[in-house]
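S.K.: model this:
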Amino acid sequence: MADDDRVAGAGAFDDYDRVAVVTGADSGIGRATAVRLAREGFDIGITYHSDEEGVARTAREVRDQGRRAAVRRHDLADPELGSQAVADLVEELGGVGVLVNNAGTGSDAHLLDTGYERWREVLAVDLDAPFLCARVAAAHMRDAGRGGRIVNVTSVHEEYPRVTAGPYCVAKGGLRMLTRVLALELGLYGITANAVAPGEIATPMTGQHEEEPRLDSRAGYPLARPGHAFEVAEAVAFLAGPGSSYVTGASLFVDGGLSLMGPQAAGALEDATWRAG
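M.R.: Now for the predicted structure:
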């Protein structure tokens, strides 16, 4: 098939495998996304690092939706070995139409106090691993010839810096650009690549372990609360679905307006007097 024929028929790339691989789906955004996509009719490949109880719960909730669930453990600090889990899940489930690169780690030290080993660990998990996982999944999507979706979970810090989060911010900024290059290179095959950029979400990563977000608990946020994991999962589900077929290379911020304020400053506000103008 000629390249121009592929482009002319790009609207037909809507028959991708209803199999989604979600990395880091043992809790938080990953779990909510896995269950949400199962409700949309996807079989789910689940990766996790160490939370065996959490991943068992996710797999059970996927199966409760009447879908298949397959599970693999990985350690993305070794991204080449970790990305093999995606290949294993694709083989077990018989294909892949959606990859959600959700697994990640944070950082909590000033740059001058950050050793190179820790710097590399964060970049390995948050940037190198998504690249390698995307390469595995996209090759299957390309060869199947029916299109597909790659959704990378970044952060508001893909664009806005934060003190003590240097490696994390750098990795998420790199993941944004990786998403855009993937969009350019994979569009010919009907594969879209987009990012979802959450703000503060009530998950284990933010120390809230999936607590219900409290209203009026964040004075500096336009929507004065943290977000819920299911609110991010809804955005991922849109980008993973056929309805987003003409969206690629985009970053969808799911942050309650936090980026309008500047995340560093908004988190430091102790009252809402700014609303009065």
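
S.K.: The nearest residue to residue 178 once chain neighbours are set aside in helix, strand or coil?
M.R.: Spatial nearest neighbour of residue 178, chain neighbours left out: residue 131 (5.9 Å); criterion: C-beta to C-beta, 6 or more residues apart in numbering. C-betas here are computed from N, CA, C, even on glycine. Under the three-state scheme (DSSP: H, G, I helix; E, B strand; the rest coil), the conformation of residue 131 reads as helix.

S.K.: And the pLDDT at residue 131?
M.R.: At residue 131, the model reports a pLDDT of 98.

S.K.: Also the one 4 residues further on?
M.R.: Among the per-residue scores, residue 135 holds a pLDDT of 98.

S.K.: How about residue 139?
M.R.: Here, the pLDDT recorded for residue 139 equals 98.

S.K.: hang on, it is in a helix, isn't it?
M.R.: Yes: using three-state DSSP, the assignment for residue 139 is a helix.

S.K.: ok, the residue nearest to residue 178 - how many residues close by?
M.R.: Residues lying near residue 131 (other C-beta atoms under 10 Å) number 18.

S.K.: Show me the shaky parts of this structure.
M.R.: 1-12, 203-217 (pLDDT under 70).

S.K.: Any chance you could spot the residue sitting in the middle of it?
M.R.: In the chain, the residue lying closest to the centroid (C-alpha atoms, centre = their mean) is residue 153, at 2.4 Å.

S.K.: What does that residue show for phi and psi?
M.R.: Dihedral pair for residue 153: phi -90, psi 110, per degrees, to the nearest 10.

S.K.: right, and it touches residue 194 too?
M.R.: No: using C-beta atoms under 8 Å as the test, residue 153 is too far from residue 194 to be in contact (10.4 Å).

S.K.: helices or strands next to the longest helix along the chain in the packing?
M.R.: When the chain is parsed with DSSP state H, its longest helix is helix 166-186. With contacts taken as 3 or more C-beta pairs under 8 Å, 6 or more residues apart in numbering; DSSP states H and E, helix 166-186 sits against helix 116-123, helix 129-144, strand 148-153, strand 191-198.
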